Structures are given as structure tokens and as C-alpha cells.
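Got a predicted structure plus its sequence, pasted below:
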Amino acid sequence: MSSPTEPANHYFSVDPHAPSEERTVEVLLADLAFTIRTDSGVFSHGKVDAGTHLLLAQEADLPESGDLLDLGCGAGVIAVTLAQRSPGARVWAVDVNRRARDLCAKNAAALGLNNVVVTAPEDVPADLRFAGIWSNPPIRIGKDAVHDLLDRWLWRIQPDGHIWLVVSKHLGADSLQRWMNERGARTERMTSKASYRIIRAQIDSDAWRVNGDPQSAR
Ligand SMILES: C[S@@+](CC[C@H](N)C(=O)[O-])C[C@H]1O[C@@H](n2cnc3c(N)ncnc32)[C@H](O)[C@@H]1O
């Protein structure tokens, strides 16, 4: 974390200090090809992260409608991919980083997508439940902070919906999966490739336990 004397320039800073330096990146998937803009101070400047690419290359049943979540959207590559693949769904792209949100909104607009809602996490309606959740979670914020983040969001999946996460093996993918199971999720490792794990999870209604209590009772 930045101290008051240090410039805030993590990809998860609320307002990164690094001067903006936009770069365009080509995104090539089996079914889609498009470009997005990336920027300094936003995760994966000048490229598509290899883990994110693996997640997007994964064959997944995508809900055709309902609300989908890209948790920690960065420049929005996951959000705009979901929005193109599932034009009848509404995709919520949330991030704490203001520059990331602005970039994600610009990327969605440039692709003519009107089914992406880019917003700060606290502005997502509290009663919304998601038909699907996708994330390359911000592991660098620290284990406890990641657990808090997932505690806040994952139980909001609808009972029949899937959660898709990509996590590096070296950054604790296996322990994160075990922790999710302890919380009450049913997880599967779908892919293990090039040092990344793709984890798919489902949570039965009210089964996400925080300190032994069902999340819904908190
Ligand atoms: C590993 S990056 C993934 C970015 C993008 N989805 C991608 O795959 O390129 C994780 C993102 O989570 C965001 N983030 C960090 N803490 C967050 C929080 N508490 N709520 C929402 N997003 C957060 C970071 O700012 C960062 O953009």
C-alpha cells in the first residue's frame, strides 16, 4: 500500500499518479477479435494478461440474459468480451481504480456496447444477484483483502450461476480454492495451464459461510 509520501501507482490505486499513456491492444479469441485501450496505472498495460486470456478462452456456458459481474474490471477486457458474447445480458464492470473505470467505459463505448455498466463497487445495487461472476482477482492486495473482497461478492451469485476465477498457481490458486470450499462453495479446477488455474464455483443459496454463519444472516 502507498504511504502518504509515496506516489499511489499500484494497479489497484483509486487514483494512479503515473501519467496516462494509452496503448491499443488487439484481443484475439476463437470467436471474437477487437481492440481495447490500456493505460499506465491500470492492470496489464500494453497487453492482455495471459491469465485473463486463458479465462476468456475457456469454454463456458454464458447466460443469455440477466446480470453478469466482472469483479475488478481493469481496462474491461473481460466485461466487453462478456457483453459481446451475451448481448442480452447486462454486464456490471466494477473497479476501485477510477482510471480503470474510465478506460473500461471508453472501451465499451468504442465497441458500441450499451449493455456494460461501469461503476464503483459501492454503487452496485445491494439487492442485485448475478447470473454469472468472472474475475481475475487482485491477488496483490494481500490474502486477507482478497478474502474480504470475495466475501463481499461471491455469495451474490444466483444458485444456478457459475463463478469463474483465474489465479496464478504461484500466487496461491490452490489455497484460495480450499478457502472457497471451506466457505461453502463447490469448486472445480477447470484448467491448469502455463502457471494459471481456472476455478469454477457454484454456491447454493445461503451456503457462503463467514465465521461459521451463513452470509445472508450477516
Ligand atoms: C488482476 S486485475 C484484473 C483486471 C482485468 N479484469 C483484467 O483481467 O485485465 C484486478 C483488478 O481488481 C481491481 N480491484 C482491486 N481491489 C478491488 C476492490 N476492492 N473492488 C473492486 N475491484 C478491485 C484492481 O484495481 C484491478 O483493476
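Now that the structure is in, tell me what you want to look at.

okay, CA-based contacts and neighbour counts for the rest of this
OK.

and stretch 183-193, how far from the chain's centre?
Chain-centre distance of stretch 183-193: 16 Å, with C-alpha atoms, centre = their mean, to the nearest Å.

before we move on, what about stretch 20-30?
The gap between the average C-alpha position of stretch 20-30 and the chain average comes to 17 Å, counting by C-alpha atoms, centre = their mean.

Kindly export that stretch (C-alpha atoms) in CSV.
The C-alpha trace of stretch 20-30 is given here as CSV (Å, rounded to 0.1, in the frame of the first residue of the first chain):
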residue,chain,number,x,y,z
SER,A,20,-1.6,8.5,-18.7
GLU,A,21,0.0,6.6,-21.6
GLU,A,22,-2.7,4.9,-23.5
ARG,A,23,-1.8,1.9,-25.7
THR,A,24,-4.1,0.0,-28.0
VAL,A,25,-4.1,-3.8,-27.7
GLU,A,26,-5.6,-6.4,-30.0
VAL,A,27,-7.7,-9.1,-28.4
LEU,A,28,-7.9,-12.3,-30.4
LEU,A,29,-10.2,-15.1,-29.2
ALA,A,30,-11.6,-18.0,-31.1
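
pLDDT averaged over that stretch - what is it?
For stretch 20-30, mean pLDDT is 96.

for stretch 70-86, same thing?
Mean predicted lDDT for stretch 70-86 stands at 98.

near the ligand at all, that stretch?
Yes. Stretch 70-86 reaches the ligand (C-alpha under 6 Å from any ligand atom) through 71-74, 76-78.

Give me the subset of those lying in helices.
Among the residues of stretch 70-86 next to the ligand, the members falling in helices (DSSP state H) are 77-78.

can you pick the most crowded of the residues of stretch 70-86 next to the ligand?
residue 74 (32 neighbours; other C-alpha atoms under 10 Å).

For the closest residue to that one other than its chain neighbours, the count of nearby residues, please.
Ranked by C-alpha to C-alpha, 6 or more residues apart in numbering and with sequence neighbours excluded, the top spatial neighbour of residue 74 is residue 100, at 4.8 Å. Residues lying near residue 100 (other C-alpha under 10 Å) number 31.

ok so, going back, widest-spaced pair of the residues of stretch 70-86 next to the ligand?
The distance between the two most remote of these (C-alpha to C-alpha) is 11.7 Å, for 71 and 77.

Report the contact partners of residue 55.
Contacts for residue 55 (C-alpha atoms under 8 Å, 6 or more residues apart in numbering) come out as 164-166, 198.
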